[in-house]
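[1] predicted model and sequence below, questions to follow.
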Amino acid sequence: MCAKIYATSSAPRLARHGPRPRRRRHDAPGLGSAASGLQTSTEGDAAECGKQGAIAESLGTIESAYAAAKRTEQRASLLAQVVDIAQRISELQPVLYGSCPDDLGITALSARLKRVNAAINQAVETDRRRQEAEATPRQEKIEECAKWSAVATHLATIESAHAAAKSTEQQESLLAQIVDIEKRISELEPVLYGNCPDDLGIAALSGRLERVQAEIKQTVAMERRRQEAEAARRREEIDAARRGQEIIAATERRRQEISAKQWPETIKQAVLAQRVQIGMTTEQVTASWGRPQQVNETITSTTRHEQWVYPGSTYLDFTNGTLTTIQRSR
(Lines give C-alpha, C1' and ligand atoms only; values in the text may rest on other atoms or scores of the structure.)
Protein backbone atom coordinates (compact mmCIF):
# COMPACT_ATOMS: atom_id res chain seq x y z
CA MET A 1 0.00 0.00 0.00
CA CYS A 2 1.33 3.44 -0.88
CA ALA A 3 1.89 5.92 1.92
CA LYS A 4 -0.63 8.79 2.28
CA ILE A 5 0.84 12.26 1.52
CA TYR A 6 -0.94 15.47 2.36
CA ALA A 7 -0.11 18.75 0.64
CA THR A 8 1.47 21.62 2.58
CA SER A 9 -0.01 25.10 2.80
CA SER A 10 1.44 25.93 -0.63
CA ALA A 11 -0.93 23.42 -2.36
CA PRO A 12 -4.62 22.55 -1.91
CA ARG A 13 -5.48 19.60 0.42
CA LEU A 14 -6.57 16.44 -1.56
CA ALA A 15 -9.60 14.38 -0.62
CA ARG A 16 -9.89 10.59 -1.08
CA HIS A 17 -11.52 10.79 -4.46
CA GLY A 18 -9.42 13.64 -5.97
CA PRO A 19 -9.05 17.45 -5.72
CA ARG A 20 -11.94 19.69 -4.85
CA PRO A 21 -13.75 21.49 -7.73
CA ARG A 22 -11.79 24.45 -9.02
CA ARG A 23 -13.09 27.91 -8.12
CA ARG A 24 -13.01 30.95 -10.28
CA ARG A 25 -9.85 33.05 -10.24
CA HIS A 26 -11.42 36.01 -8.43
CA ASP A 27 -12.67 33.60 -5.66
CA ALA A 28 -9.27 31.91 -5.13
CA PRO A 29 -6.27 34.23 -5.30
CA GLY A 30 -3.00 32.42 -6.01
CA LEU A 31 -4.72 29.35 -7.56
CA GLY A 32 -2.41 29.36 -10.57
CA SER A 33 0.71 28.62 -8.54
CA ALA A 34 -1.10 25.87 -6.54
CA ALA A 35 -2.35 24.18 -9.72
CA SER A 36 1.16 24.23 -11.14
CA GLY A 37 2.46 22.51 -7.96
CA LEU A 38 -0.26 19.88 -8.12
CA GLN A 39 0.56 19.09 -11.74
CA THR A 40 4.25 18.65 -10.85
CA SER A 41 3.31 16.34 -7.94
CA THR A 42 1.07 14.23 -10.18
CA GLU A 43 3.82 13.83 -12.77
CA GLY A 44 6.25 12.74 -10.00
CA ASP A 45 3.75 10.19 -8.72
CA ALA A 46 3.35 8.73 -12.19
CA ALA A 47 7.13 8.33 -12.49
CA GLU A 48 7.28 6.75 -9.05
CA CYS A 49 4.48 4.32 -9.97
CA GLY A 50 6.54 3.30 -12.97
CA LYS A 51 9.46 2.43 -10.71
CA GLN A 52 7.18 0.42 -8.43
CA GLY A 53 5.75 -1.45 -11.42
CA ALA A 54 9.24 -2.29 -12.63
CA ILE A 55 10.13 -3.66 -9.20
CA ALA A 56 6.95 -5.77 -9.19
CA GLU A 57 7.93 -7.22 -12.58
CA SER A 58 11.40 -8.06 -11.28
CA LEU A 59 9.83 -9.76 -8.27
CA GLY A 60 7.57 -11.80 -10.54
CA THR A 61 10.61 -12.88 -12.55
CA ILE A 62 12.41 -13.99 -9.38
CA GLU A 63 9.34 -15.91 -8.16
CA SER A 64 9.08 -17.77 -11.47
CA ALA A 65 12.80 -18.52 -11.51
CA TYR A 66 12.62 -19.82 -7.92
CA ALA A 67 9.77 -22.18 -8.81
CA ALA A 68 11.79 -23.53 -11.76
CA ALA A 69 15.20 -23.68 -10.02
CA LYS A 70 16.60 -27.18 -9.57
CA ARG A 71 20.05 -26.50 -8.13
CA THR A 72 21.38 -24.69 -5.09
CA GLU A 73 23.50 -22.41 -7.28
CA GLN A 74 20.41 -21.19 -9.14
CA ARG A 75 18.60 -20.41 -5.91
CA ALA A 76 21.66 -18.68 -4.44
CA SER A 77 21.91 -16.42 -7.51
CA LEU A 78 18.31 -15.35 -6.93
CA LEU A 79 19.27 -14.18 -3.42
CA ALA A 80 21.66 -11.64 -4.99
CA GLN A 81 18.77 -10.28 -7.07
CA VAL A 82 16.62 -10.11 -3.94
CA VAL A 83 19.25 -7.89 -2.30
CA ASP A 84 19.19 -5.61 -5.34
CA ILE A 85 15.40 -5.31 -5.25
CA ALA A 86 15.51 -4.54 -1.53
CA GLN A 87 17.85 -1.63 -2.32
CA ARG A 88 15.52 -0.37 -5.05
CA ILE A 89 12.50 -0.52 -2.70
CA SER A 90 14.40 1.45 -0.06
CA GLU A 91 14.95 4.23 -2.64
CA LEU A 92 11.26 4.57 -3.57
CA GLN A 93 9.49 7.83 -2.72
CA PRO A 94 5.98 7.81 -1.19
CA VAL A 95 3.17 8.97 -3.48
CA LEU A 96 -0.32 10.32 -2.97
CA TYR A 97 -2.84 7.70 -1.81
CA GLY A 98 -4.61 6.22 -4.84
CA SER A 99 -1.99 7.35 -7.34
CA CYS A 100 -0.72 3.73 -7.79
CA PRO A 101 -2.48 0.35 -7.45
CA ASP A 102 -2.39 -1.03 -3.89
CA ASP A 103 -0.31 -4.05 -4.91
CA LEU A 104 2.46 -1.68 -6.08
CA GLY A 105 2.75 0.11 -2.74
CA ILE A 106 5.99 0.05 -0.80
CA THR A 107 4.42 -2.07 1.98
CA ALA A 108 3.01 -4.62 -0.46
CA LEU A 109 6.26 -4.90 -2.40
CA SER A 110 8.29 -5.26 0.83
CA ALA A 111 6.01 -8.02 2.13
CA ARG A 112 6.20 -9.84 -1.20
CA LEU A 113 9.98 -9.55 -1.22
CA LYS A 114 10.16 -10.85 2.35
CA ARG A 115 8.10 -13.94 1.46
CA VAL A 116 10.16 -14.89 -1.57
CA ASN A 117 13.40 -14.22 0.32
CA ALA A 118 12.31 -16.55 3.16
CA ALA A 119 11.26 -19.27 0.69
CA ILE A 120 14.58 -19.13 -1.21
CA ASN A 121 16.63 -19.17 2.02
CA GLN A 122 14.68 -22.17 3.30
CA ALA A 123 15.21 -24.05 0.03
CA VAL A 124 18.93 -23.27 0.07
CA GLU A 125 19.22 -24.49 3.68
CA THR A 126 17.35 -27.71 2.83
CA ASP A 127 19.70 -28.30 -0.09
CA ARG A 128 22.70 -27.72 2.16
CA ARG A 129 21.51 -30.23 4.73
CA ARG A 130 20.79 -32.81 2.05
CA GLN A 131 24.24 -32.36 0.55
CA GLU A 132 25.84 -32.73 3.99
CA ALA A 133 23.89 -35.93 4.58
CA GLU A 134 24.94 -37.28 1.21
CA ALA A 135 28.54 -36.47 2.05
CA THR A 136 28.44 -38.59 5.23
CA PRO A 137 30.80 -41.57 4.90
CA ARG A 138 28.93 -44.74 3.98
CA GLN A 139 30.55 -46.63 6.85
CA GLU A 140 28.84 -44.30 9.35
CA LYS A 141 25.48 -44.91 7.66
CA ILE A 142 26.03 -48.66 7.83
CA GLU A 143 26.92 -48.45 11.53
CA GLU A 144 23.80 -46.38 12.30
CA CYS A 145 21.59 -48.83 10.39
CA ALA A 146 23.18 -51.62 12.43
CA LYS A 147 22.07 -49.86 15.63
CA TRP A 148 18.53 -49.61 14.27
CA SER A 149 18.62 -53.28 13.28
CA ALA A 150 19.78 -54.28 16.78
CA VAL A 151 16.85 -52.39 18.33
CA ALA A 152 14.45 -54.11 15.91
CA THR A 153 15.89 -57.53 16.84
CA HIS A 154 15.46 -56.78 20.56
CA LEU A 155 11.88 -55.69 19.90
CA ALA A 156 11.16 -58.95 18.06
CA THR A 157 12.52 -60.89 21.04
CA ILE A 158 10.20 -59.01 23.40
CA GLU A 159 7.22 -59.60 21.11
CA SER A 160 7.91 -63.36 21.08
CA ALA A 161 8.47 -63.45 24.85
CA HIS A 162 5.21 -61.56 25.39
CA ALA A 163 3.29 -64.14 23.36
CA ALA A 164 4.84 -67.00 25.36
CA ALA A 165 4.76 -65.42 28.86
CA LYS A 166 2.51 -67.22 31.34
CA SER A 167 2.88 -65.14 34.50
CA THR A 168 2.54 -61.53 35.51
CA GLU A 169 6.16 -61.48 36.67
CA GLN A 170 7.35 -62.44 33.18
CA GLN A 171 5.25 -59.73 31.57
CA GLU A 172 6.48 -57.10 34.03
CA SER A 173 10.10 -58.05 33.30
CA LEU A 174 9.37 -57.32 29.62
CA LEU A 175 8.15 -53.84 30.55
CA ALA A 176 11.54 -53.18 32.13
CA GLN A 177 13.23 -54.15 28.85
CA ILE A 178 10.90 -51.83 26.95
CA VAL A 179 12.13 -48.89 29.04
CA ASP A 180 15.66 -49.75 27.93
CA ILE A 181 14.61 -49.90 24.27
CA GLU A 182 12.89 -46.51 24.56
CA LYS A 183 16.20 -45.04 25.71
CA ARG A 184 18.08 -46.66 22.83
CA ILE A 185 15.59 -45.34 20.27
CA SER A 186 15.91 -41.84 21.70
CA GLU A 187 19.67 -42.03 21.13
CA LEU A 188 19.42 -43.08 17.47
CA GLU A 189 20.67 -40.65 14.83
CA PRO A 190 18.47 -40.04 11.76
CA VAL A 191 19.91 -41.17 8.44
CA LEU A 192 19.12 -40.15 4.90
CA TYR A 193 15.86 -41.58 3.62
CA GLY A 194 16.49 -44.84 1.78
CA ASN A 195 19.80 -45.70 3.44
CA CYS A 196 18.10 -48.11 5.86
CA PRO A 197 14.99 -50.28 5.31
CA ASP A 198 11.71 -48.48 6.05
CA ASP A 199 10.83 -50.87 8.90
CA LEU A 200 14.01 -49.78 10.71
CA GLY A 201 13.09 -46.09 10.79
CA ILE A 202 12.70 -44.29 14.10
CA ALA A 203 8.95 -43.81 13.52
CA ALA A 204 8.46 -47.50 12.64
CA LEU A 205 10.44 -48.73 15.65
CA SER A 206 8.63 -46.31 17.98
CA GLY A 207 5.28 -47.51 16.63
CA ARG A 208 6.19 -51.16 17.22
CA LEU A 209 7.41 -50.34 20.70
CA GLU A 210 4.20 -48.50 21.61
CA ARG A 211 2.05 -51.40 20.37
CA VAL A 212 3.88 -54.14 22.26
CA GLN A 213 4.07 -51.94 25.38
CA ALA A 214 0.30 -51.35 25.27
CA GLU A 215 -0.36 -55.08 24.79
CA ILE A 216 1.89 -56.06 27.71
CA LYS A 217 0.35 -53.44 30.00
CA GLN A 218 -3.12 -54.65 29.07
CA THR A 219 -2.14 -58.27 29.73
CA VAL A 220 -0.63 -57.36 33.11
CA ALA A 221 -3.73 -55.36 34.09
CA MET A 222 -6.06 -58.22 33.09
CA GLU A 223 -3.95 -60.74 35.02
CA ARG A 224 -3.96 -58.52 38.11
CA ARG A 225 -7.73 -58.17 37.93
CA ARG A 226 -8.07 -61.95 37.55
CA GLN A 227 -5.80 -62.53 40.56
CA GLU A 228 -7.73 -59.99 42.62
CA ALA A 229 -11.05 -61.64 41.67
CA GLU A 230 -9.63 -65.07 42.53
CA ALA A 231 -8.39 -63.80 45.89
CA ALA A 232 -11.79 -62.24 46.63
CA ARG A 233 -13.52 -65.52 45.72
CA ARG A 234 -11.24 -67.45 48.05
CA ARG A 235 -11.88 -65.00 50.88
CA GLU A 236 -15.63 -65.41 50.36
CA GLU A 237 -15.28 -69.19 50.44
CA ILE A 238 -13.25 -69.00 53.66
CA ASP A 239 -15.78 -66.62 55.23
CA ALA A 240 -18.66 -68.84 54.16
CA ALA A 241 -16.93 -71.91 55.59
CA ARG A 242 -16.23 -70.06 58.83
CA ARG A 243 -19.85 -68.93 59.10
CA GLY A 244 -21.01 -72.48 58.40
CA GLN A 245 -18.79 -73.82 61.13
CA GLU A 246 -20.06 -71.17 63.53
CA ILE A 247 -23.66 -72.11 62.67
CA ILE A 248 -22.90 -75.79 63.18
CA ALA A 249 -21.20 -75.06 66.50
CA ALA A 250 -24.08 -72.85 67.66
CA THR A 251 -26.61 -75.50 66.61
CA GLU A 252 -24.70 -78.14 68.54
CA ARG A 253 -24.50 -75.94 71.65
CA ARG A 254 -28.24 -75.29 71.39
CA ARG A 255 -28.98 -79.00 71.01
CA GLN A 256 -26.91 -79.78 74.05
CA GLU A 257 -28.61 -77.04 76.09
CA ILE A 258 -32.08 -78.24 75.06
CA SER A 259 -31.19 -81.88 75.74
CA ALA A 260 -30.10 -80.99 79.23
CA LYS A 261 -33.53 -79.53 80.06
CA GLN A 262 -36.02 -81.57 82.10
CA TRP A 263 -38.65 -81.32 79.39
CA PRO A 264 -40.71 -84.01 77.73
CA GLU A 265 -38.97 -85.48 74.68
CA THR A 266 -41.70 -84.27 72.34
CA ILE A 267 -41.19 -80.71 73.61
CA LYS A 268 -37.41 -80.99 73.14
CA GLN A 269 -37.82 -82.17 69.54
CA ALA A 270 -40.27 -79.36 68.81
CA VAL A 271 -37.91 -76.75 70.28
CA LEU A 272 -34.96 -78.12 68.29
CA ALA A 273 -37.10 -77.98 65.15
CA GLN A 274 -38.12 -74.40 66.07
CA ARG A 275 -41.79 -75.29 66.35
CA VAL A 276 -44.34 -74.30 68.98
CA GLN A 277 -47.25 -76.36 70.21
CA ILE A 278 -50.08 -76.10 72.68
CA GLY A 279 -48.98 -76.78 76.25
CA MET A 280 -45.52 -75.23 75.95
CA THR A 281 -44.36 -72.86 78.65
CA THR A 282 -43.12 -69.35 77.97
CA GLU A 283 -39.55 -70.63 78.52
CA GLN A 284 -39.98 -73.38 75.93
CA VAL A 285 -41.55 -71.00 73.37
CA THR A 286 -38.69 -68.51 73.91
CA ALA A 287 -36.18 -71.34 73.39
CA SER A 288 -37.95 -72.28 70.15
CA TRP A 289 -38.88 -68.90 68.60
CA GLY A 290 -37.02 -66.32 70.67
CA ARG A 291 -38.50 -63.25 72.33
CA PRO A 292 -41.66 -61.77 70.74
CA GLN A 293 -41.90 -58.35 69.14
CA GLN A 294 -44.65 -57.30 71.53
CA VAL A 295 -46.40 -58.64 74.65
CA ASN A 296 -50.03 -57.75 75.47
CA GLU A 297 -50.82 -58.65 79.07
CA THR A 298 -54.19 -59.06 80.83
CA ILE A 299 -54.38 -59.86 84.56
CA THR A 300 -57.57 -60.84 86.42
CA SER A 301 -58.17 -61.99 89.96
CA THR A 302 -57.67 -65.61 89.02
CA THR A 303 -55.60 -65.68 85.82
CA ARG A 304 -52.71 -64.03 84.05
CA HIS A 305 -53.22 -63.78 80.30
CA GLU A 306 -50.46 -62.80 77.87
CA GLN A 307 -50.52 -62.40 74.11
CA TRP A 308 -47.14 -62.65 72.34
CA VAL A 309 -46.92 -61.03 68.93
CA TYR A 310 -44.42 -62.42 66.34
CA PRO A 311 -43.65 -61.34 62.75
CA GLY A 312 -46.10 -62.46 60.09
CA SER A 313 -49.15 -61.58 62.23
CA THR A 314 -48.71 -64.61 64.48
CA TYR A 315 -50.20 -64.42 67.98
CA LEU A 316 -49.55 -66.80 70.87
CA ASP A 317 -51.92 -66.68 73.85
CA PHE A 318 -50.69 -67.83 77.27
CA THR A 319 -52.81 -68.48 80.35
CA ASN A 320 -50.87 -68.57 83.57
CA GLY A 321 -47.65 -69.23 81.65
CA THR A 322 -48.94 -72.07 79.41
CA LEU A 323 -49.57 -71.73 75.64
CA THR A 324 -53.29 -72.15 75.01
CA THR A 325 -53.94 -70.55 71.62
CA ILE A 326 -51.98 -70.05 68.34
CA GLN A 327 -53.39 -67.49 65.92
CA ARG A 328 -52.09 -66.81 62.42
CA SER A 329 -53.44 -64.28 59.93
CA ARG A 330 -53.68 -65.52 56.32
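    Great, that's in hand. Numbering: from 1, shown residues only.
[2] helices and strands around the helix or strand hosting residue 127, which ones?
    Assigned by DSSP states H and E, residue 127 falls within helix 106-134. For helix 106-134, the packing partners by 3 or more Cβ pairs under 8 Å, 6 or more residues apart in numbering; DSSP states H and E come out as helix 31-68, helix 72-90. All C-beta spots, glycine's among them, are computed from the backbone N, C-alpha and C.
[3] how about the helices in this protein?
    31-68, 72-90, 106-134, 138-164, 168-186, 202-259, 265-272, 282-289 (DSSP state H).
[4] could these be laid out in CSV, adding mean pLDDT?
    Listed next are the helices of the chain as CSV, based on pLDDT from 0 to 100:
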stretch, mean pLDDT
helix 31-68, 74
helix 72-90, 86
helix 106-134, 84
helix 138-164, 81
helix 168-186, 86
helix 202-259, 90
helix 265-272, 93
helix 282-289, 94
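[5] what's the closest of the ones you listed to residue 316?
    Nearest to residue 316 among these is helix 282-289 (6.4 Å), distances taken as Cβ to Cβ.
[6] need the helices and strands packed on helix 106-134 in a markdown table (columns: distance to residue 109 and mean neighbour count).
    Compiled in a markdown table, the helices and strands packed on helix 106-134 are given as follows (distance: least, Cβ to Cβ, whole Å; neighbours: other Cβ atoms under 10 Å):
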| stretch | distance to residue 109 | mean neighbour count |
| --- | --- | --- |
| helix 31-68 | 6 | 14 |
| helix 72-90 | 6 | 15 |
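[7] looking at those, which is nearest to residue 329?
    Nearest of the helices and strands packed on helix 106-134 to residue 329, taken as Cβ to Cβ: helix 31-68 at 101.5 Å.
[8] list the contacts for residue 59?
    Residues in contact with residue 59 (Cβ atoms under 8 Å, 6 or more residues apart in numbering) are 85, 109, 112-113, 116.
[9] 6 Å instead?
    residue 112 (Cβ atoms under 6 Å, 6 or more residues apart in numbering).
[10] and the helices and strands packed on helix 106-134: which comes nearest residue 104?
    Closest of the helices and strands packed on helix 106-134 to residue 104 is helix 31-68, at 4.1 Å (criterion: Cβ to Cβ).
[11] buried set for stretch 214-227?
    Buried residues in stretch 214-227, counted by 16 or more other Cβ atoms under 10 Å: 216, 219-220, 223.
[12] looking at those residues, which is nearest residue 151?
    residue 216 (17.0 Å).
[13] the closest one touches residue 174, doesn't it?
    Yes: with contact defined as Cβ atoms under 6 Å, residue 216 counts as touching residue 174 (5.4 Å).
[14] who touches both of the two?
    Applying Cβ under 6 Å, 6+ apart, one finds that residue 216 and residue 174 are jointly contacted by residue 162.
[15] what's the spacing between residue 101 and residue 50?
    From residue 101 across to residue 50, the span is 12 Å (Cβ to Cβ, to the nearest Å).
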